[in-house]
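Undergrad: missing the sequence, but the structure's below:
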């Protein structure tokens, strides 16, 4: 009996141990299964969260790019507005400057026009005064002497025609000063000038005499020219002054006259006589070609 009980107890102990072992194994299996399932769930959750995070990051990156692009566009728009504003300012300033320049130019033109008008009026009055002098009775009341030439010949009358261009005040000064003029058939080169050069006329200052060669070309070219030398002498040889020499050097090449040899440009004295003749015969031509010389001569004529 006792053996039976002992065997039974032993068998029961073995079954209990087996049951316990099975229970432990089941528990471990269940725990393991639970852990595996839990880990899988956690893994899936992690994966899902990771995907959500990646998606969020992607959306964030995209939104950041859009924000930067918008900021860039805003900056470009702002810069464009500033450039347009600056350009408009420059254009406005340019318009104002142009208007100021146009106004200044207009004022300068008005001033220049006023000065020109005043100068023209002054010149007109001066010409009227000169015309009054030159248009006085042009009748040479003195005598043109002849030497070796018949009285009343064509060349003597031609000389009177040229002398009639002289204003009355010069004729008075010429005769009151004891000056004479003569149409000579003598060879002026050797008789009065002691030269071999071809001379059409000569003024001899010490004796106050003018001699014109008995040739038509000489009468036309030399009568008033030599009279100009006489006037120069009356004025104390004004052609030797520094004032006239400056004018001579400036305008001698501008005088619009024909000259085969340009002798009138050789000295300031010859130039004075030539301008004197041109101022009486062709005043418009003289004034336009050598205005300073013309003005100087006319002023000197008026001063006698």
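TA: Here it is on my side, so go on. Computed from a predicted structure; not experimentally measured.

Undergrad: low-scoring stretches of this protein, by residue?
TA: When residues are selected by pLDDT under 70, those of the chain lie in 1-62, 65, 123-124, 126-141, 260.

Undergrad: Tell me where the chain has strands.
TA: All strands of the chain, identified by DSSP state E, fall at 144-147, 180-184, 201-204, 209-213.

Undergrad: quick one: buried residues of the third one?
TA: Right, strand 201-204. Neighbour-count burial for strand 201-204 flags 201-203 (criterion: 16 or more other Cβ atoms under 10 Å). (Each C-beta comes from the backbone N, C-alpha and C, glycine too.)

Undergrad: Pick the most deeply packed of the strands of the chain.
TA: Each of the strands of the chain was scored by mean neighbour count; the highest is strand 209-213, a mean of 24, by mean count of other Cβ atoms under 10 Å.

Undergrad: angle of it against strand 180-184?
TA: Calculated by axes from the mean of the first three to the mean of the last three Cα atoms, to 10 degrees, strand 209-213 forms an angle of 20 degrees with strand 180-184.

Undergrad: what's in contact with strand 209-213?
TA: 147, 159, 179-184, 186, 188, 192, 199-204, 218-219, 222-223, 226-227, 229-230 (Cβ atoms under 8 Å, 6 or more residues apart in numbering).

Undergrad: phi, psi of the spatially closest residue to residue 214 that is not a sequence neighbour?
TA: Distance criterion Cβ to Cβ, 6 or more residues apart in numbering; nearest residue to residue 214, sequence neighbours excluded, is residue 185 at 4.4 Å. With angles defined as degrees, to the nearest 10, residue 185 sits at phi -90, psi -10.

Undergrad: quick one, helices of the stretch 201-304 of the chain?
TA: Secondary structure of the stretch 201-304 of the chain (DSSP state H, counting those that start in this stretch): helices at 216-234, 242-251, 268-281, 283-289, 291-303.

Undergrad: Return the list of helices and strands in contact with the last one.
TA: I take that to be helix 291-303. helix 2-134, helix 168-176, helix 242-251, helix 268-281, helix 283-289 (3 or more Cβ pairs under 8 Å, 6 or more residues apart in numbering; DSSP states H and E).
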